[in-house]
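Novice: here's my sequence, what's the structure:
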Amino acid sequence: MNTIRPLDHIARTKPYVPGGKLHGAAGPVAMLASNENPFGASPLAIEAVRKAAGSGLEVYPDPDYGELRAAIAAAKGIKDVGRVVTSAGSDEIIHLLTQCYAGPGDEVLFTEHAFSMYEVSARGHGATVIKAPETDMTAGVNAILGAVSPKTKILFLANPNNPTGTMLSVDALKSLQDALPDHVLFVVDGAYSEYLGPEYEAALRDLVDRGDTTVMMRTFSKIYGLAALRLGWAYMPAAIAETYQRIRGPFNVNTLAAAAGIASVGDEAFLKLSRDHNTEWRAKMTDALNAMGLVTPVSHANFVVSEFGNAERAAAAFQHLKDQSILVRAIAGYGLPTKLRITIGSAEDNTRCLDALKAFTALR
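Specialist: Residues are numbered from 1 along each chain as shown. Sure, this is the predicted structure:
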């Protein structure tokens with residue numbers, strides 16, 4: 001008999017459930033479940049991948065990722081390249097920071113409807129999960145501080161948050177940062193920050209520079225359209241970067257992903273195109289959904305979240321869309337069973353989705 005058993009905290013960890021795919025559909029599928037960029041990747045990134053794939057695939061990547069880190073620092077106004085670290089998607093940053101700083105007997109704190117990988121990572125490393133309550137799906141400084149204890153080792157805060165699209169102001173982030181005890185690592189997840197523009201991105205960078213216990217993590221999976229390549233990065237204090245590098249895999253970013261990141265991080269024209277489209281259609285989607293009676297609060301990311309009144313109606317709407325080859329995200333797993341999250345897609349896919357939901361609300 002096989003007596004090999006996982007550690008208890010691993011056995012209790014529930015896996016992350018992704019948005020999924022829609023297979024076997026007749027006709028084009030509107031993929032509005034995973035917050036992907038409807039324009040794909042930057043043409044510069046695509047060309048860089050083609051060139052990198054042309055030769056040298058038998059050679060390991062540069063373990064220092066010097067060119068990639070320098071490109072990120074230059075594009076984001078970061079003076080000390082040594083404080084920029086790379087990752088195979090931002091999920092890896094979550095795991096490595098948790099591995100570095102939290103384990104059995106420690107607490108990892110995040111808010112009620114936070115990105116579920118925080119919980120997966122905390123439980124997977126044996127730490128205790130603590131969730132601060134939200135108000136109207138929005139984090140609050142006082143609620144977060146009220147959940148901090150002497151055992152709190154990490155606070156993860158996505159701003160804007162996934163899956164709610166809500167966020168704290170920069171001033172609120174500073175107030176939270178100033179009030180946190182020195183034993184808490186404050187990790188600000190800026191996965192959607194590019195949709196707010198360079199001014200907000202700079203504010204997150206400056207937040208890291210205000211103290212020695214704050215990390216800003218980022219991803220190339222959203223506005224940059226490189227989800228398939230799994231590429232992320234973070235900006236952190238030197239001592240934390242040194243600790244992170246101790247356990248980071250020496251070749252954690254593949255050559256094609258690094259080439260795409262170098263090419264795309266400075267493509268301001270592509271970023272502006274993507275951001276402008278998102279801003280325009282996010283407003284259109286919000287107004288149209290509210291007009292249907294599907295309460296849809298203001299979002300600061302590349303998706304909106306709509307209220308369907310009860311879990312049964314939300315599930316029926318999800319299936320109605322799926323039957324028409326439109327896939328959105330059910331978020332019952334985030335404690336929001338009466339809501340659906342809808343990515344801002346192409347103009348055509350957005351229109352298809354709105355038309356289908358208008359027909360649904362006319363019937364139910």
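Novice: tell me the contacts of Tyr235?
Specialist: 76, 78, 83-84, 205, 208, 215-216, 218 (C-beta atoms under 8 Å, 6 or more residues apart in numbering). C-beta coordinates here come from the backbone N, C-alpha and C atoms, glycine included.
Novice: take these and keep only those in strands.
Specialist: By the criterion of DSSP state E, membership of those in strands covers 84, 215-216, 218.
Novice: now compare those and name the two farthest from each other.
Specialist: Using C-beta to C-beta, the ones in strands among the contacts of Tyr235 span at most 11.3 Å, a distance reached by Val84 and Val215.
Novice: and the two? Which one has more around it.
Specialist: With neighbours defined as other C-beta atoms under 10 Å, Val84 and Val215 compare such that Val215 has more, 24 against 21.
Novice: mind checking what secondary structure Arg313 has?
Specialist: helix (DSSP: H, G, I helix; E, B strand; the rest coil).
Novice: nearest residue to it in space, please, no chain neighbours.
Specialist: Leaving aside its chain neighbours, Arg313 sits nearest to Arg364 (6.2 Å; criterion: C-beta to C-beta, 6 or more residues apart in numbering).
Novice: same check, this time on Gly103
Specialist: Nearest to Gly103 is Gly126, by C-beta to C-beta, 6+ apart, at 5.2 Å.
Novice: how about the helices in the protein?
Specialist: Shown for the chain, the helices assigned by DSSP state H span residues 8-11, 43-53, 66-76, 90-101, 117-124, 141-147, 170-179, 198-209, 238-247, 255-264, 268-291, 311-323, 347-363.
Novice: could I get those helices as JSON lines with mean pLDDT, distance to Ile130 and mean neighbour count?
Specialist: Below are the helices of the chain laid out as JSON lines (pLDDT from 0 to 100; distance: least, C-beta to C-beta, whole Å; neighbours: other C-beta atoms under 10 Å):
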{"stretch": "helix 8-11", "mean pLDDT": "84", "distance to Ile130": "15", "mean neighbour count": "12"}
{"stretch": "helix 43-53", "mean pLDDT": "97", "distance to Ile130": "39", "mean neighbour count": "17"}
{"stretch": "helix 66-76", "mean pLDDT": "98", "distance to Ile130": "31", "mean neighbour count": "18"}
{"stretch": "helix 90-101", "mean pLDDT": "97", "distance to Ile130": "13", "mean neighbour count": "22"}
{"stretch": "helix 117-124", "mean pLDDT": "96", "distance to Ile130": "9", "mean neighbour count": "22"}
{"stretch": "helix 141-147", "mean pLDDT": "98", "distance to Ile130": "5", "mean neighbour count": "17"}
{"stretch": "helix 170-179", "mean pLDDT": "98", "distance to Ile130": "15", "mean neighbour count": "16"}
{"stretch": "helix 198-209", "mean pLDDT": "97", "distance to Ile130": "22", "mean neighbour count": "17"}
{"stretch": "helix 238-247", "mean pLDDT": "96", "distance to Ile130": "21", "mean neighbour count": "14"}
{"stretch": "helix 255-264", "mean pLDDT": "98", "distance to Ile130": "33", "mean neighbour count": "23"}
{"stretch": "helix 268-291", "mean pLDDT": "98", "distance to Ile130": "32", "mean neighbour count": "17"}
{"stretch": "helix 311-323", "mean pLDDT": "97", "distance to Ile130": "26", "mean neighbour count": "17"}
{"stretch": "helix 347-363", "mean pLDDT": "97", "distance to Ile130": "36", "mean neighbour count": "16"}
